[in-house]
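*Asks:* Sharing a model prediction with you, sequence too.
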Amino acid sequence: MSTLLVAFSLIDVILLVGVLLIYLNWVAGLLQKIDDGLATTVDMVVQIVGHAEPIVPGLQQINRTLGIISGALPLLYRLAERIEGVAAGRIATGSNTAGTMSGTGNYTGVAGIK
């Protein structure tokens, strides 16, 4: 009886080691796929950085120019509304009202009525 018990224990251990071997090979394959994907990603990032390097020196000038443009947009918007108001006859040509709600409490709607 004890010989049979030893034989079954030995078979159990061999099966356990076999199943672990198959599982670890499967995990190793998954990790290899992840490693390949990360290597490809690193290569792409290096390419992107290489493409971006010529742009970097001009970024300060681009940001400065865009800052000037964005600062002028509210003025251009008020001017466009004024031109539209004059064309529609709502605002007299000698008026100083812009016809906008600029956040200063000087909203002059239709015909410059406050």
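*Replies:* Yep, it's here.

*Asks:* Name the next helix or strand downstream of whatever helix or strand residue 35 lives in, please.
*Replies:* For residue 35, the host element (DSSP states H and E) is helix 2-52. Using DSSP H and E, the next helix or strand after helix 2-52 towards the C-terminus is helix 59-88.

*Asks:* What residues of that next one count as buried?
*Replies:* Counting neighbours by 16 or more other CB atoms under 10 Å, one finds that the buried residues in helix 59-88 are 81-82, 85. From N, CA and C alone the C-beta is placed, and that goes for glycine too.

*Asks:* would you turn the residues you listed into TSV with distance to residue 20 and pLDDT?
*Replies:* Shown next, in TSV, are the buried residues of helix 59-88 (distance: CB to CB, whole Å; pLDDT from 0 to 100):
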residue	distance to residue 20	pLDDT
81	76	89
82	81	88
85	82	82
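
*Asks:* closest to residue 41 among those?
*Replies:* residue 81 (49.8 Å; CB to CB).

*Asks:* so where is the protein shaky, pLDDT-wise?
*Replies:* In the predicted model, the chain carries pLDDT under 70 at residues 91-114.

*Asks:* So if we follow the domain assignment, how does it break up?
*Replies:* Using automatic domain parsing, the domains assigned to the chain come out as 1-54, 58-114.

*Asks:* Is it possible to get JSON lines of the buried residues of helix 59-88 that adds distance to residue 59?
*Replies:* Shown next, in JSON lines, are the buried residues of helix 59-88 (distance: CB to CB, whole Å):
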{"residue": "81", "distance to residue 59": "33"}
{"residue": "82", "distance to residue 59": "35"}
{"residue": "85", "distance to residue 59": "39"}
